[in-house]
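Visitor: Need the 3D shape of this:
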Amino acid sequence: MLFVLGLILWAAAELFVAIRVADAIGVLATVLLLLVTWPIGSWVLRSQGRAAWRRLGAAVAEGRSPGGEVLDGVLILLGGLLLIVPGFLSDVLGLVALLPPTRALLRGQLGRHIQSRFVVRATRFTGASGPYDVDSTATDVDQPQLHG
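Guide: Numbering: from 1, shown residues only. Reported below is the predicted structural model:
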């Protein structure tokens with residue numbers, strides 16, 4: 001229900017912005033601006049998607065964790081899709097997700113959010129009631145102590 005309400009509010013905001021832009025620059029120019037972002041979004045998805053895929057493959061081949069490359073790929077996909085969707089708000093958000101400086105900021109925020117959610121879910125799943133061992137301070141117990 002909340003998702004549907006969010007979509008309705010998003011569509012209303014996009015319509016409001018489109019009407020304001022049409023008042024400022026004219027209806028034909030507004031429609032042309034909305035139409036030109038679709039091929040740009042398609043091109044960005046293809047070109048940047050290929051580059052992100054190559055970086056992911058290189059990270060895996062080097063034995064590095066490809067977390068940053070995966071998040072880059074997700075943000076590129078999201079940015080390209082937002083450019084394809086008609087609307088000025090979605091275009092602005094798509095550009096924010098696609099530009100390297102802002103994408104790096106988003107990647108950092110998204111990575112921290114995912115990591116914190118993963119830790120919370122992992123500790124809930126294991127049933128740990130106390131704080132988890134972040135610093136890896138656990139030690140092995142000698143065999144004789146286990147049986148006695």
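
Visitor: can you give me the helices for the protein?
Guide: Read by DSSP state H, the chain holds these helices, from start to end of the chain: 2-25, 27-61, 67-84, 88-98, 100-126, 143-147.

Visitor: Can you tell me which residue is spatially central in this protein?
Guide: residue 75 (4.3 Å; Cα atoms, centre = their mean).

Visitor: Hmm, it is touching residue 104, no?
Guide: No. Because the distance of 9.5 Å does not satisfy Cβ atoms under 8 Å, residue 75 is recorded as not touching residue 104. Placement of C-beta: from N, CA and C, glycine included.

Visitor: Nearest residue to residue 53 in space, ignoring adjacent ones along the chain?
Guide: Closest residue in space to residue 53, ignoring its immediate chain neighbours: residue 73 at 7.0 Å, by Cβ to Cβ, 6 or more residues apart in numbering.

Visitor: so what's that neighbour up against?
Guide: Each residue near residue 73 by Cβ atoms under 8 Å, 6 or more residues apart in numbering is listed here: 49, 52-53, 56.

Visitor: Go through the helices of the chain and name the closest to residue 137.
Guide: Among the helices of the chain, the nearest to residue 137 by Cβ to Cβ is helix 100-126 (15.9 Å).

Visitor: tell me the angle the closest one makes with helix 88-98.
Guide: On the basis of axes from the mean of the first three to the mean of the last three Cα atoms, to 10 degrees, helix 100-126 is oriented at 80 degrees to helix 88-98.
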